[in-house]
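# got a sequence here, can you model it:
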Amino acid sequence: MQAVSAGLVFAATPFSNVANVAWAQSLQSSKFRPIIDANGNYDVPPFGNVSLMHFTDVHAQLIPAFYREPNIHLGSSELENTLPHMVGKHLLNHLGLKAGTHDAHALAFLDFETLAHKFGAMGGYAHMATLVKNIRGSRPGSLLLDGGDTWQGSATSLWTKGQDMIDADLMLGVDVMTGHWEFTYGMERIQEVIENDFAGKIDFVAQNVLDLEFEDPVFNPYVIKEINGVPTAIIGQAFPYVPIANPRHLVEDWQFGIQEERLQSMIDEARGKGAQVVVLLSHNGMDIDLKLASRMKGLTAIMGGHTHDAVPVCMEIASPSGKTLVINSGSAGKFLSVLDLDVKDGKVRDYKFALVPVFSNLLKPDPEMQAYIEKVRKPFLGKLNEELAVSKTTLYRRSTFNGTFDQLLLDAMMEVFDAQIAFSPGFRWGMSVLPGQSITMEDLMSQTAMTYPQTFKDNMKGSLIKNILEDVADNRFNPDPYMQQGGDMARLGGLTYTIDPTQKIGKRIQNMQLNGKPIDANKSYSVARWASVGKDIEGPPIWEVVAEYLRSKKEVTIGKLNNPIIKNVSGHKGIEIA
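Got it, this is the predicted structure:
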């Protein structure tokens with residue numbers, strides 16, 4: 001028997017683990033406490049003497065917007081049915097959180113449209129600035145950490161090479177930063193910003209980025225800052241798979257990786273210099289961070305990003321030195337994490353954690369930041385505000401397999417290129433559009449603004465299509481988190497398939513069909529694609545292709561999503577039919 005809804009097909013067969021991940025059995029979490037009361041008041045009382053604020057994966061969103069959380073967020077192996085792989089009512093039940101509240105809306109997709117209208121847009125740097133100032137006012141000496149993916153994801157950031165976000169971070173008072181999509185502006189741009197804009201103001205740290213020829217560190221691996229007399233080390237961990245997930249030629253002189261041994265040496269070095277608190281500012285993704293936490297000695301906490309997981313509790317992982325705390329702070333400017341530590345005699349005695357939602361209707365915009373945002377956006381408003389079409393459907397991206405905005409991109413490519421099949425990357429960034437709203441150029445750019453946006457059509461044999469899907473599936477579902485090197489599953493137009501996440505590579509993708517007929521391994525099919533990591537790709541940028549499509553349609557409705565049949569996920573808390 002199969003359950004079918006909104007284009008989702010779930011094969012009702014039992015799940016079986018494919019790996020014994022012993023470290024995962026140590027997963028525990030702190031107790032969730034709602035941050036916003038029934039009257040819309042924030043409740044984040046200060047605690048301890050060392051406070052760290054953290055945000056990540058803003059993706060260049062300067063103004064408040066809507067961002068729908070996923071209704072499919074599958075994990076792999078023993079990490080399935082644990083945080084962060086819970087969605088909807090499963091997540092709220094786990095937290096003991098009542099649906100329909102501010103916190104519930106921030107964390108889950110449930111009643112998204114209704115609650116979005118009720119509670120308003122989230123994020124925005126002017127509202128974030130107000131929250132940061134309020135938190136800092138109650139926690140003197142606290143640090144503000146930026147986990148990366150800040151300079152990419154909007155039209156204005158692309159057109160200014162990230163400068164709008166760089167200046168916004170400086171105004172916000174960021175102390176330390178690491179990166180991922182920042183690297184897609186190229187090596188020279190990164191170094192230019194660090195040497196000029198950030199000099200003496202923001203520390204860019206990344207212990208795992210080395211010169212390819214001599215293996216010398218490209219960036220400072222860590223920085224030690226005193227917080228109320230407590231030496232606190234912040235070690236940087238840039239996204240370890242930049243040359244795989246993004247074009248290699250943009251960082252051709254640098255090597256990345258998790259660099260476990262080097263990280264342990266940096267922890268030991270920082271401890272040797274007197275650090276009583278050692279924090280990893282990570283862009284690994286949460287599953288990697290959970291494993292890494294179990295293997296490092298002397299690490300107090302990991303404050304992570306990349307997978308866009310809004311996890312409202314602090315995960316406690318058994319490590320060689322006792323316990324390491326792991327947090328992940330969501331995305332799109334929706335949240336600010338606050339980690340408070342009580343440190344005495346060189347040891348952390350206790351802690352409190354809060355994932356604080358940034359509701360624009362509850363936080364007054366900071367006047368200085370608001371004025372800056374209006375100024376930096378003003379030259380581009382004519383382009384940004386162009387209304388391309390009206391959406392009759394909620395448009396969103398975040399999902400393990402497909403989203404309605406992804407489907408829109410696929411439909412546009414297939415029509416404009418007259419292709420049988422379309423591929424779109426499994427990106428997690430991109431803001432949502434509510435039913436009845438106009439899709440503006442700004443909305444479209446929030447899904448597509450990047451430095452390698454070229455679209456093209458070519459012919460691919462069925463065997464190659466299968467191999468590509470198997471490779472992407474292994475990046476997403478390999479039972480070893482260290483082998484998960486990309487985003488979510490590639491989005492597909494035209495072609496349908498079945499996937500079994502519990503299988504090994506080569507056996508996950510099954511029953512590939514086009515128009516009801518099996519894909520022939522030896523036959524060639526026309527395929528439209530974009531965002532290739534190859535060099536010297538030619539073709540119109542994706543936003544031009546989709547804008548042309550939208551202008552011709554006037555209105556768009558996304559019906560059935562082209563999601564695969566998903567096997568062996570019965571009872572999973574990472575799936576809820578929307």
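
# how does the protein divide into domains?
46-65+121-374, 385-566 (automatic domain parsing).

# figure out the length between the terminal residues of stretch 35-43.
Length of stretch 35-43, first residue to last, Cα to Cα, to the nearest Å: 5 Å.

# need the residues that contact that stretch.
Contact partners of stretch 35-43, identified using Cβ atoms under 8 Å, 6 or more residues apart in numbering, comprise 34, 44, 101-103, 131, 134, 354-357, 359, 361-362. To be clear about C-beta, it is placed using only N, CA and C from the backbone, and glycine gets the same treatment.

# let's see 7 Å
44, 102-103, 354, 356-357, 362 (Cβ atoms under 7 Å, 6 or more residues apart in numbering).

# need these in a markdown table (columns: pLDDT, distance to Ala389 and secondary structure).
Shown next, in a markdown table, are the contacts of stretch 35-43 (pLDDT from 0 to 100; distance: Cβ to Cβ, whole Å; DSSP: H, G, I helix; E, B strand; the rest coil):
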| residue | pLDDT | distance to Ala389 | secondary structure |
| --- | --- | --- | --- |
| Val44 | 95 | 41 | coil |
| His102 | 97 | 31 | helix |
| Asp103 | 97 | 34 | helix |
| Ala354 | 97 | 40 | strand |
| Val356 | 98 | 35 | strand |
| Pro357 | 98 | 30 | strand |
| Leu362 | 98 | 32 | coil |
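
# quick one: the strands in the stretch 451-578 of the chain, in order.
455-461, 488-493, 495-499, 509-514, 517-518, 524-530, 555-556, 565-566 (DSSP state E, counting those that start in this stretch).

# buried sites along the third one?
By that I understand strand 495-499. Within strand 495-499, the residues that count as buried by 16 or more other Cβ atoms under 10 Å are 495-499.

# how about stretch 42-53?
42, 44, 47-53.

# give me whichever of the domains of the chain is most buried.
domain 46-65+121-374 (a mean of 21; mean count of other Cβ atoms under 10 Å).

# thinking again about what came up before, so which of the strands of the stretch 451-578 of the chain comes closest to Gly236?
In terms of Cβ to Cβ, the element of those nearest to Gly236 is strand 488-493, at 24.9 Å.

# quick one, that closest one and strand 509-514 angle?
Between strand 488-493 and strand 509-514, the angle comes out at 20 degrees (axes from the mean of the first three to the mean of the last three Cα atoms, to 10 degrees).

# list the contacts of strand 488-493.
Residues contacting strand 488-493 (Cβ under 7 Å, 6+ apart): 399-402, 406, 410-411, 413-414, 421-426, 428, 469, 472-473, 476, 562.

# chain neighbours aside, what residue packs nearest to the residue nearest the centre of the chain?
A centroid search over the chain (Cα atoms, centre = their mean) returns His308, at 2.9 Å, as the residue closest to the centre. Nearest non-adjacent residue to His308, counting by Cβ to Cβ, 6 or more residues apart in numbering: Ser331, 3.9 Å away.

# how about the secondary structure of the one you found?
Put simply, Ser331 is coil when judged by DSSP: H, G, I helix; E, B strand; the rest coil.

# now name the helix or strand holding the closest residue to Pro357 other than its chain neighbours.
Excluding the flanking residues, the one nearest Pro357 by Cβ to Cβ, 6+ apart is Ala106, at 3.8 Å. Assigned by DSSP states H and E, Ala106 belongs to helix 102-107.

# again, but for Gln61
Here Gln61 is assigned to no helix or strand, by DSSP H and E.

# quick check: closest non-adjacent residue to it.
Nearest in space to Gln61, with sequence neighbours left out and distances taken as Cβ to Cβ, 6+ apart, is Gly333 at 4.9 Å.

# same question for Pro46.
Spatial nearest neighbour of Pro46, chain neighbours left out: Ser138 (4.5 Å); criterion: Cβ to Cβ, 6+ apart.

# could you measure that neighbour against Val44, distance?
Ser138 sits 8 Å away from Val44, going by Cβ to Cβ, to the nearest Å.

# re the thing from before, and the residue nearest to Gln61, what does it touch?
With the criterion set at Cβ under 7 Å, 6+ apart, Gly333 makes contact with 58, 61, 123-125, 128, 358.

# need the buried residues of strand 495-499 in CSV (columns: pLDDT).
Below are those laid out as CSV (pLDDT from 0 to 100):
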residue, pLDDT
Leu495, 97
Thr496, 97
Tyr497, 98
Thr498, 98
Ile499, 98
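
# which of the residues you listed sits closest to Glu269?
Ile499 (43.9 Å).

# mind listing the helices in the stretch 351-500 of the chain by residue range?
Secondary structure of the stretch 351-500 of the chain (DSSP state H, counting those that start in this stretch): helices at 367-377, 381-384, 404-417, 441-448, 462-477.
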